[in-house]
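Student: here is a sequence together with a model predicted from it:
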Amino acid sequence: MTYWTKFRTKFRNLGKRRLVFGIGKNVLAIILELAIIFPIVWIVSASLRSYGSLLTTTLEIIPPNPTLEAYNWALALDSPFWSALINSLVVSLSTTGLCLLVASPAAYAMSRFRFLGKRPILYVLIFVQFVPGLLMFIAFFYLLLTLRLFDNLFGLILVYVSLVLPFSIWNMKAFFDTLPKDIDEAALIDGASYLRAMYHVVMPLAVPGLAVTAFFSFLSAWNEFAIANIVLNSESNYTLPLRLYALTQRDVSTNWPHFAALSVLSAIPLVIVFLIIQRYLRAGLAIGAVKG
Amino acid sequence: MADVLLENVTKQFEGGVVAVKDLQLEVGEKEFVVLLGPSGCGKTTTLRLIAGLEAPTRGRIYIGGKDVTGLEPWARDVAMVFQSYALYPHMTVFQNIAFPLKMHKVPKAEIRSRVEKTAESLEIREFLNRRPKQLSGGQRQRVALARAIVRNPKVFLMDEPLSNLDAKLRVLMRIELKKLQKRLGVTTVYVTHDQTEAMTLADRVAVQFKGELQQYAPPTEVYAHPSNKFVGGFIGTPPMNFIDGKLEVNESSGMISTEEFSIRVDLQLMKSLLKEGDTLPTDVTYGIRPQDCQISTEGGRKEWLRGEVYGVELLGAENVVHVQVGKNRIMIVASDRRLYQMGEAVWVNLINSNAHVFDRTTGRNLVH
């Protein structure tokens, strides 16, 4: 059989309907990808322009006279970028750390122990996720005032932790549920207390679950704007989203290339965190524990 | 002195399932006891109760004379081999075996020498730096064993440790395990549903069914004198034949009659039956092992029953012939290697002093 007849047979066997479906699927995927990528491309493009050259009537993705002027401004030693970056890092990393510290033991207990009120607690944790964080802000507002944690990064961290905890607990619980119970029971019999079994055996195996949870908390804290905008007042406390917003709130007209450059720079730490965590996202570490 | 003692232990799970019912079990020092029964009989729950992974609803548990009922697993000084082996996948073989020692705060140098010695005796020394994932099933099994014995615990608990091995390896490991237990002299409680394992390993077998202990005796005793119909039917391959009938006793002889035929009860058995006196029931089940039946193609013998070959299992050394006698199908182990044909007319002899007569309502063995 020649190559051509082979190809024809294959093509005929494929069937017209499947062919049309296959093409349609790919076209749809390309459109969706463009829709997602376009804003990013546009922001990067805008950050490479000079002040004033943004307002054109033609669609120019590649700027006519690209310049790094906006980045020079953003990365200058006296730029507001640095303090905001540090604030954002402090808030996001603390939120992530605290969240893991609380969520892991809670989720472990939810996964392994039988106790009174376990189901109601789990349902409440789902229910609070239905309520937008901002709606709960009246309660947060009151709590922060009482604790004198208004306009304070630690206050913001507490709010964030309470917002990401429900999902984190559920997520970690789902992961612990997939780990064979035999393994921690073996540790208990080998002489480990519950805490030591968790530390020596369960947590090392739960790294992929921890990674997902950590990334989620970090992402949530990093991007959050609305609550931070209420809690933080002094400019020295601003996180990156607030700093960006502040750029648009000046009396003079907004310097969009500056805004774009700052946006691009704020996304970079997130990309780095993702690249670090990605290695751990691979599950399957538990394979080989039990007969496979 | 009993090393493990379960006193009237009952375990009822949430939702009402009673897994273990009023269990009384004592395991002697250095004894190898096998808990045997079909799945769901409560044998694994019993083991978990001893380990402390479950708490009894009622009753007390003693290990080495000490009441451990309220103690957590880590305070009981027992070691367990799981069916799944439950090795720690993120640790090397060395770390796996060392883990119980580390948890008991044994000095580092001692850990090293003990792990190496144990690994040596189980022939896994060359794998010490590998991870469980890189080992075969049999090797993983040895690591699990090593992790259990390295600590010299008071009691070994084993939950179907051989069931994940292939048939050949299982037979090998069975013998190894028995030798190991005798050499170390550690009290062992072993759970299995495999009667061959139970018979070969156990000093005593505890047969469990529906949460209740049916019989607790040495393997030969359990085989020769099953306490009830369940034990009789569960132990032995091929399984015991059961024939329901009415028991008629005149003076010292007895017959068990079905609608189609009668079996004379052996004199030895009658002696035992007559001790029952007035309580001797008439509704009984006659139980006879396939090895105790005889088969022949020649008719005309007194008390032999006529039947027809229903099917034949060829096993090599012996053949199991299924014979239809009236409404009953009887399995017979024919050692004469004759090839019986399907549909062939045969005669069978079911009279044997090793047979049993069970009370049909309670299942109790009336022959002692």
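Tutor: Done, it's in.

Student: for the closest residue to B:Thr57 other than its chain neighbours, grab the count of nearby residues.
Tutor: With Cβ to Cβ, 6 or more residues apart in numbering or on different chains as the criterion, B:Thr57 has its nearest non-adjacent residue at 4.5 Å, and that residue is B:Gln12. Every residue, glycine included, has its C-beta placed from N, CA and C. B:Gln12 has 15 neighbouring residues, counting by other Cβ atoms under 10 Å in any protein chain shown.

Student: got it, and B:Gly59?
Tutor: 17.

Student: so where's chain B shaky on pLDDT?
Tutor: Within chain B, the ranges that satisfy pLDDT under 70 run B:1-2.

Student: nearest to chain A: which residue in chain B?
Tutor: Residue nearest to chain A within chain B: B:Lys133 (3.0 Å; Cβ to the nearest Cβ).

Student: report the separation between that residue and B:Leu145.
Tutor: 18 Å (Cβ to Cβ, to the nearest Å).

Student: quick one, which of these two is more surrounded?
Tutor: B:Leu145 (25 against 16).

Student: for the more buried one, pull up the helix or strand it's in.
Tutor: Using DSSP states H and E, B:Leu145 sits in helix B:137-149.

Student: tell me which helix or strand comes right after that helix.
Tutor: strand B:155-159.

Student: and the angle from that next one to helix B:137-149?
Tutor: 150 degrees (axes from the mean of the first three to the mean of the last three Cα atoms, to 10 degrees).

Student: need the CA coordinates for strand B:155-159. CSV is fine.
Tutor: Listed next in CSV are the C-alpha coordinates belonging to strand B:155-159 (Å, rounded to 0.1, in the frame of the first residue of the first chain):
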residue,chain,number,x,y,z
VAL,B,155,3.8,-9.1,70.8
PHE,B,156,3.8,-9.4,67.0
LEU,B,157,0.5,-8.7,65.3
MET,B,158,0.2,-9.8,61.7
ASP,B,159,-2.7,-8.9,59.5
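
Student: before we move on, the earlier item: give the contact list for the residue nearest to B:Thr57.
Tutor: B:Val18, B:Ala19, B:Thr57 (Cβ atoms under 8 Å, 6 or more residues apart in numbering or on different chains).

Student: OK, contacts around the residue lying closest to B:Asp77 once chain neighbours are set aside?
Tutor: Nearest non-adjacent residue to B:Asp77, counting by Cβ to Cβ, 6+ apart: B:Lys154, 4.7 Å away. Residues in contact with B:Lys154 (Cβ under 8 Å, 6+ apart) are B:Asp3, B:Ile63, B:Gly64, B:Arg76, B:Asp77, B:Val78, B:Val186, B:Thr187.

Student: residue contacts, the third one?
Tutor: So that's B:Gly64. Under the criterion of Cβ under 8 Å, 6+ apart, the neighbours of B:Gly64 are B:Asp3, B:Asp77, B:Lys154.

Student: grab the nearest non-local neighbour of the first one.
Tutor: Leaving aside its chain neighbours, B:Asp3 sits nearest to B:Thr187 (4.1 Å; criterion: Cβ to Cβ, 6+ apart).

Student: so where's chain A uncertain?
Tutor: The model of chain A has pLDDT under 70 over residues A:1-4, A:6-14, A:52-58, A:281-292.

Student: and it, what are its domains?
Tutor: Domain ranges of chain A: A:3-73, A:80-281, per automatic domain parsing.

Student: neighbours of B:Gly363, how many?
Tutor: 17.

Student: please apply the same query to B:His104.
Tutor: 14.

Student: list the contacts of the nearest residue in space to it that is not next to it in sequence.
Tutor: Closest residue to B:His104 apart from its sequence neighbours, by Cβ to Cβ, 6+ apart: A:Gly191 at 5.0 Å. Contacts were defined as Cβ under 8 Å, 6+ apart; by that measure A:Gly191 touches B:Trp74, B:Pro100, B:Met103, B:His104, B:Arg151.

Student: for the stretch 151-292 of chain A, what spans make up the helices?
Tutor: Here the stretch 151-292 of chain A has its helices, by DSSP state H, counting those that start in this stretch, at A:153-178, A:181-189, A:194-197, A:203-205, A:207-223, A:226-231, A:240-248, A:256-281.

Student: oh, I was asking about the stretch 1-150 of chain B
Tutor: Counting by DSSP H, counting those that start in this stretch, the helices of the stretch 1-150 of chain B are B:43-51, B:93-103, B:108-121, B:137-149.

Student: possible to save the ones you listed as a markdown table with distance to A:Leu19?
Tutor: Below are these laid out as a markdown table (distance: least, Cβ to Cβ, whole Å):
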| stretch | distance to A:Leu19 |
| --- | --- |
| helix B:43-51 | 55 |
| helix B:93-103 | 54 |
| helix B:108-121 | 61 |
| helix B:137-149 | 47 |
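
Student: kindly reformat those as a markdown table containing distance to chain A.
Tutor: Shown next, in a markdown table, are the helices of the stretch 1-150 of chain B (distance: least, Cβ to the nearest Cβ, whole Å):
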| stretch | distance to chain A |
| --- | --- |
| helix B:43-51 | 6 |
| helix B:93-103 | 3 |
| helix B:108-121 | 13 |
| helix B:137-149 | 6 |
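
Student: which of the ones you listed sits closest to A:Arg17?
Tutor: Among these, helix B:137-149 comes nearest to A:Arg17, with 46.9 Å by Cβ to Cβ.

Student: name the residues of that closest one that are buried.
Tutor: Neighbour-count burial for helix B:137-149, counted by 16 or more other Cβ atoms under 10 Å in any protein chain shown, picks out B:Gly138, B:Gln139, B:Arg140, B:Gln141, B:Arg142, B:Val143, B:Ala144, B:Leu145, B:Ala146, B:Arg147, B:Ala148, B:Ile149.

Student: what about the fifth one, distance to B:Pro89?
Tutor: Right, B:Arg142. On the measure of Cβ to Cβ, B:Arg142 and B:Pro89 end up 16 Å apart.

Student: check the first one too.
Tutor: Summarising the geometry, the distance separating B:Gly138 from B:Pro89, computed by Cβ to Cβ, is 18 Å.

Student: ok, the last one next?
Tutor: When Cβ to Cβ is applied, the distance between B:Ile149 and B:Pro89 equals 21 Å.

Student: can you tell me which of the contacts of B:Gln12 has the most neighbours?
Tutor: Ranked by neighbour count (other Cβ under 10 Å), the contacts of B:Gln12 have B:Ala19 at the top, with 23 neighbours.

Student: with adjacent residues omitted, what lies nearest to it?
Tutor: B:Thr45 (4.1 Å).

Student: A:Leu195 is nearest to which of the helices of the stretch 1-150 of chain B?
Tutor: helix B:93-103 (11.8 Å).

Student: quick one: distance of that closest one to the chain centre.
Tutor: Distance of helix B:93-103 from its chain centroid, counting by Cα atoms, centre = their mean, to the nearest Å, is 32 Å.

Student: so what's the residue nearest to B:Asp3 bridging to?
Tutor: Counting by DSSP bridges, B:Thr187 forms beta bridges with B:Val155.

Student: tell me who's in contact with it.
Tutor: So B:Thr187 contacts B:Asp3, B:Val4, B:Val27, B:Gly28, B:Glu29, B:Lys30, B:Glu31, B:Lys154, B:Val155, B:Phe156 (Cβ under 8 Å, 6+ apart).
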